[in-house]
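**Student:** here is the input, now give the coordinates:
(one chain, ligands or ions: 1)
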Amino acid sequence: MLSHRADRIEASGIRRIFELVSSMEDPINLSIGQAHFDVPDAVKEAAIEAIREGFNRYTVTQGLPELNDAVLARLHERYGYQGRESLITSGVSGGLMLGFMGLLDPGDRVLLPDPYFTMYPVLAGMVSAEVDTYDCYPGTPLTEELLEAQLHPKTRLILINSPSNPTGRTLTAPELRAVGAVAERHDLIVMSDEIYDDFVYDGPFESAAKYIEPERLLLLGGFSKTYGMPGWRMGWAAGPVALIDAMRKMQQFSFVCAPSIAQKACLVALQTSMDHEIESYRRKREMLMAGLSEHYEIACPGGSFYMFPALPAGVGGAAFSERALERNLLIVPGKAFSARDTHFRLSFAAEDAVLERGIVALRELAESFREG
Ligand code: PMP
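**Tutor:** Next comes the predicted model:
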């Protein structure tokens, strides 16, 4: 009955964990992929007011002009971005889907980071593109040579994701320049998923917008993580005119537009400081690093709210997460994001009390494997 496209999709490893959570009592849940704080009150009020005022119809496909303007103004202000074309999408997921559809023909190849956000290879499959990967584990510098070694005559697109889900790695200025140089030399487009752009802890965020020509760059960002509103389905895309125009047309015939009331509320969100929340995540990062560094090999994440520690020597992700479950602890095996089975993902988007219990459980876990 099903198309090949649908039939080849495997359930996400993360979803399975979601299902487990509902059957557990008071789990130590460090598997969560969304901020633990709620939408700021002023933003909620703006959405409620939009509903009351009858702002409940379709908007233009492109999204409210004032929201597009605000997104572009922010990109210009923060990174000197010169592009002039943007689109409000249904989450960054919507932007990713439209971007893949707009750039890749069947048989084209896309170069993804490994580890990767689980959606990327699946989306590639949905548009019948082939996937190659470049090593993006913490500790491996991203260089022109590393990328060029993975190119194929049919490569059209390089995807970067900084700060990264699942590693928390942030790309440096020289690394972004290297991506830009390779794209230039081989006539490729770069798609930069910057959904965690506000969650950076060591100095200002280095956006691809600062280092890669706007004509070669599709920038994707969103509201889900920063403002604690993943259920509102709000994102944006900015890039070359022809590409954004194609994405707009495809949005018109698929998602139609991003949610109208959420668009109104996001105008207020962009005026709302989340510094306090980001600062609390910096503290959570420090807390986990201090609590776990003696027991695990962990590269300190520069951003997002994940870390990606190495599994204890000789232990596979399945055995590790099983023993974690015995301690009521939920993590995600690295295999869900990678061809390798050497690490696991921890999320620190949780209350301090949960993180404290998590540290105790993870230390005991490391010791239990040492004992055999
Ligand atoms: N990109 C990355 C790297 C993510 O981690 C996520 C959410 N987990 C998304 C995109 C999708 O986010 P949304 O569709 O909610 O904007």
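
**Student:** what are the phi and psi values at the residue of the stretch 1-150 of the chain found nearest the ligand?
**Tutor:** Per C-beta to the nearest ligand atom, residue 91 is where the stretch 1-150 of the chain lies closest to the ligand, at 2.6 Å. Backbone N, C-alpha and C define where each C-beta goes, glycine included. Dihedral angles of residue 91 (phi, psi; degrees, to the nearest 10) stand at phi 70, psi 170.

**Student:** that one reaches residue 224, doesn't it?
**Tutor:** Yes - contact between residue 91 and residue 224 holds when scored by C-beta atoms under 8 Å: they sit 6.1 Å apart.

**Student:** next, count neighbours for residue 139.
**Tutor:** Using other C-beta atoms under 10 Å as the criterion, residue 139 is surrounded by 9 other residues.

**Student:** and for residue 177?
**Tutor:** Residue 177 is surrounded by 16 other residues when neighbours are defined as other C-beta under 10 Å.

**Student:** what of residue 125?
**Tutor:** As a burial measure, residue 125 scores 17 neighbours (other C-beta under 10 Å).

**Student:** residue contacts, it?
**Tutor:** Residues touching residue 125, when contacts are defined by C-beta atoms under 8 Å, 6 or more residues apart in numbering, comprise 5, 8-9, 131.

**Student:** where does the prediction get shaky in this structure?
**Tutor:** The model of the chain has pLDDT under 70 over residues 12-18, 372.

**Student:** which bits of it sit near the ligand?
**Tutor:** 33, 91-93, 117, 161, 165, 193, 195, 222, 224, 230, 235 (C-beta under 6 Å from any ligand atom).

**Student:** could these go into a markdown table alongside neighbour count, secondary structure and distance to residue 253?
**Tutor:** Below are the residues of the chain next to the ligand laid out as a markdown table (neighbours: other C-beta atoms under 10 Å; DSSP: H, G, I helix; E, B strand; the rest coil; distance: C-beta to C-beta, whole Å):
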| residue | neighbour count | secondary structure | distance to residue 253 |
| --- | --- | --- | --- |
| 33 | 20 | coil | 29 |
| 91 | 25 | helix | 18 |
| 92 | 26 | helix | 20 |
| 93 | 19 | helix | 17 |
| 117 | 22 | coil | 26 |
| 161 | 25 | strand | 27 |
| 165 | 24 | coil | 29 |
| 193 | 29 | strand | 24 |
| 195 | 24 | coil | 25 |
| 222 | 29 | strand | 22 |
| 224 | 21 | coil | 24 |
| 230 | 17 | helix | 25 |
| 235 | 26 | strand | 18 |
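
**Student:** quick one, longest helix in the chain?
**Tutor:** Ranked by residue count under DSSP state H, the longest helix found in the chain is helix 352-371.

**Student:** show me what that helix is packed up against.
**Tutor:** Where contact means 3 or more C-beta pairs under 8 Å, 6 or more residues apart in numbering; DSSP states H and E, helix 352-371 is packed against strand 28-29, helix 275-292, helix 317-326, strand 329-330.

**Student:** save those as CSV, and put in mean neighbour count too.
**Tutor:** As requested, the helices and strands packed on helix 352-371 are arranged in CSV below (neighbours: other C-beta atoms under 10 Å):
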stretch, mean neighbour count
strand 28-29, 22
helix 275-292, 16
helix 317-326, 16
strand 329-330, 22
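
**Student:** columns distance to residue 300 on top of the ones you listed, output as TSV?
**Tutor:** Rendered in TSV, the data for the helices and strands packed on helix 352-371 read as follows (distance: least, C-beta to C-beta, whole Å):
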stretch	distance to residue 300
strand 28-29	22
helix 275-292	6
helix 317-326	21
strand 329-330	21
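
**Student:** which of the contacts of residue 125 fall in strands?
**Tutor:** With strands taken from DSSP state E, the overlap with the contacts of residue 125 comprises residue 131.

**Student:** thought residue 104 was touching residue 159?
**Tutor:** No - with contact defined as C-beta under 8 Å, residue 104 does not count as touching residue 159 (10.9 Å).

**Student:** out of these two, which sits in the more crowded spot?
**Tutor:** Summary of the neighbour comparison: residue 104 and residue 159, criterion other C-beta under 10 Å, with residue 159 having more neighbours (27 against 22).
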